[in-house]
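Visitor: Starting from these lines, generate the structure:
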Amino acid sequence: MMEEVTQAQAVKPNESVTGDVRLHEFHSRVFRNTRRLRVWLPPRYDAPDNGARQYSVLYLNDGQNLFDRATAFGNVEWQVDETADRLIRQEVIAPMIIVGIDNAQSDRIKEYLPYRSFHPPILRPRGKRYPHFLISEVMPFVSERYRIARGPENTGLGGSSLGALISLFTVIERPAVFDRLLLESPSLFISHRRILKHSRHFRQWPAKVFLAIGTREAGREDKDKQVVEDVRELERSLRHAGLDDRRLRVRIDEGATHNEGEWAKRFPDALSFLFAKENL
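Guide: Next up is the predicted model:
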């Protein structure tokens, strides 16, 4: 079921959406634009006996790609709704809320880049505003409307590609807000790998980090090797900061490419690791 909350108007049933996804038109003062927030609610969220229950939350970038193949890039979604619903019913994870933050479409790259870049050519990036946008605008908006559990231990952030880059930048810029971090195929090469330099000296990492990459992401052998090595370098920084196997899971998938289908395949492992029921 998909419901338009802000306008109290139900849309047509969508067979590619599992469970209760509610849509909000969200205006940002930080970025001075409007986008959609997609809020997936766990089974029985509205049940009377759950009226006082609060839920952990995972914020994911590129919200268009998460739940609905009609809006997903290439009509391939992450299947976040199907995966979360199944893992909750299997009691692998506790019931939780997942918030998809739509990208700004033509301004997506600008908002997800925290540094000036010549590849891609973005000389006026807006990514340094992203942590403020997320923490001061999006999170309060969601908390006012849904029963969100407080504290970093109940709060996660993630994304893929540039959406993973800005997630990594956010946890470095604003530590102790998110204790669960999902990095799928992160674009670590941006601005001469500047984010990797920042990561080497950072110590206040989230309690759990899931980091993944495929070995055929760039489509050229030399670049494929470099992409994997970048992820290995980030892994070394995380290990040096004290993250053992209980806190860090790294997946390097042989032959996997850079697309939503691959991220969908890995999402069950990511969600199970980050929000395992015994850890909450």
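
Visitor: residue boundaries of the helices in this structure?
Guide: 80-89, 108-112, 130-132, 139-145, 162-173, 190-200, 221-240, 260-274 (DSSP state H).

Visitor: Which positions in the longest one come out as buried?
Guide: Residues 224, 227, 228, 230, 231, 233, 234, 235, 237, 238 are the ones in helix 221-240 that count as buried (16 or more other Cβ atoms under 10 Å). To be clear about C-beta, it is placed using only N, CA and C from the backbone, and glycine gets the same treatment.

Visitor: what does the shortest one give?
Guide: Using 16+ other Cβ under 10 Å as the test for burial, helix 130-132 gives 130, 131, 132.

Visitor: Test my guess that the first one contacts residue 172.
Guide: No: between residue 130 and residue 172 there is no contact under Cβ atoms under 8 Å: 11.8 Å.

Visitor: right, so the helices of the chain: which one is the most enclosed?
Guide: Mean neighbours per residue, mean count of other Cβ atoms under 10 Å, is largest over the helices of the chain for helix 162-173, with a mean of 24.

Visitor: So which other helices or strands are in contact with it?
Guide: strand 56-61, helix 108-112, helix 130-132, strand 155-160, strand 180-184, helix 190-200 (3 or more Cβ pairs under 8 Å, 6 or more residues apart in numbering; DSSP states H and E).

Visitor: Quick one: closest of the ones you listed to residue 121.
Guide: Closest to residue 121 of these, according to Cβ to Cβ: helix 108-112, at 9.7 Å.

Visitor: what helices or strands is the closest one leaning on?
Guide: Against helix 108-112 (3+ Cβ pairs under 8 Å, 6+ apart) you get helix 162-173.
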